[in-house]
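> Structure for the following, please:
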Amino acid sequence: AATRVPAAWAAFGVRGGGVRVGTIDTGVDPAARALAGKVVAWRDFVGGGATPYDDNVHGTDTAGTMAGGAEGGAPIGVAPEARLVVARAMGADGVGAGSALLAAAQWMTDPDGDPATADQPAVVNNSWAATDPNDTWFRPMIRRWLELGIVPVFAAGNTGPGAGTIGSPAGYPEALAVGALDQSDAVPSFSGRGPIT
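Sure thing, here's the model as predicted:
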């Protein structure tokens with residue numbers, strides 16, 4: 001309700017049906033009821049696990065925010081009818097090597113490895129950030145996503161409340177940066193803020 005999701009459902013008549021959404025994070029817990037049956041593609045770039053898991057919970061939490069269903073009584077996700085393309089690129093400590101993050105991003109462009117099938121997600125959520133907003137290490141990957149019609153969404157980061165505290169890749173002009181809200185619908189002190197200089 002704080003982000004007016006029910007109003008958007010009513011106004012536009014969409015809940016994510018037929019849409020794939022990607023997540024690059026710590027994985028996803030297959031026992032999470034709100035995500036049951038939603039994972040259509042999985043790849044573990046940290047431990048090589050063949051089936052979905054999450055030894056941190058952060059990835060499951062963000063996946064639930066994106067696509068969680070109504071098993072608890074009401075939908076918990078913004079797009080409860082969407083399906084998930086999940087890349088595990090961060091370990092139990094919530095940290096991911098740049099090489100794993102880039103490999104996961106590349107995989108998102110063609111999850112099944114067949115260029116003849118358009119199986120890439122429509123949007124990829126990345127609830128992680130590096131501290132330097134001007135570090136362009138991930139920028140070519142985002143540009144490739146945009147060429148394929150993939151919307152790049154990144155966390156503004158948790159280094160607020162000062163000005164200019166958004167990191168990369170959220171600070172790139174091509175990325176959509178998302179800050180945080182607290183239970184009072186206010187911006188919490190930790191949420192990263194612009195401007196980008």
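> ok, the most centrally placed residue in the chain to residue 19 distance?
In the chain, the residue lying closest to the centroid (CA atoms, centre = their mean) is residue 125, at 1.9 Å. From residue 125 across to residue 19, the span is 13 Å (CB to CB, to the nearest Å). All C-beta atoms are positioned from the backbone trio N, CA, C, and that covers glycine.
> before we move on, the earlier item: show the pLDDT at the residue nearest to the centre of the chain.
Looking at residue 125, its pLDDT is 98.
> strands paired with the helix or strand where it lies, and their directions?
Counting by DSSP states H and E, the element that carries residue 125 is strand 123-126. Paired neighbours of strand 123-126 in the sheet (DSSP bridges): strand 20-25 (parallel), strand 151-155 (parallel).
> Specify the local secondary structure of the nearest residue to residue 111 once chain neighbours are set aside.
Leaving aside its sequence neighbours, residue 111 sits nearest to residue 41 (CB to CB, 6 or more residues apart in numbering; 4.1 Å). Under the three-state scheme (DSSP: H, G, I helix; E, B strand; the rest coil), residue 41 adopts strand.
> any idea how far residue 41 is from residue 6?
29 Å.
> and if you look at residue 85?
25 Å.
> Strands of this structure, start to end?
20-25, 39-44, 83-88, 123-126, 151-155, 176-178 (DSSP state E).
> quick one: buried residues of the fifth one?
Going by neighbour count (16 or more other CB atoms under 10 Å), the buried part of strand 151-155 is 152-155.
> contacting residues around that strand?
By CB atoms under 8 Å, 6 or more residues apart in numbering, the residues outside strand 151-155 that reach it are 122-129, 142, 145-146, 169-170, 174-178, 192.
> if you set the cut-off to 7 Å instead, what comes out?
122-129, 142, 145, 169-170, 174-178 (CB atoms under 7 Å, 6 or more residues apart in numbering).
> Using ChimeraX, define a selection of the buried residues within those.
To isolate the buried members of these in ChimeraX, using 16+ other CB under 10 Å:
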select :122,123,124,125,126,127,128,129,142,145,169,170,175,177,178
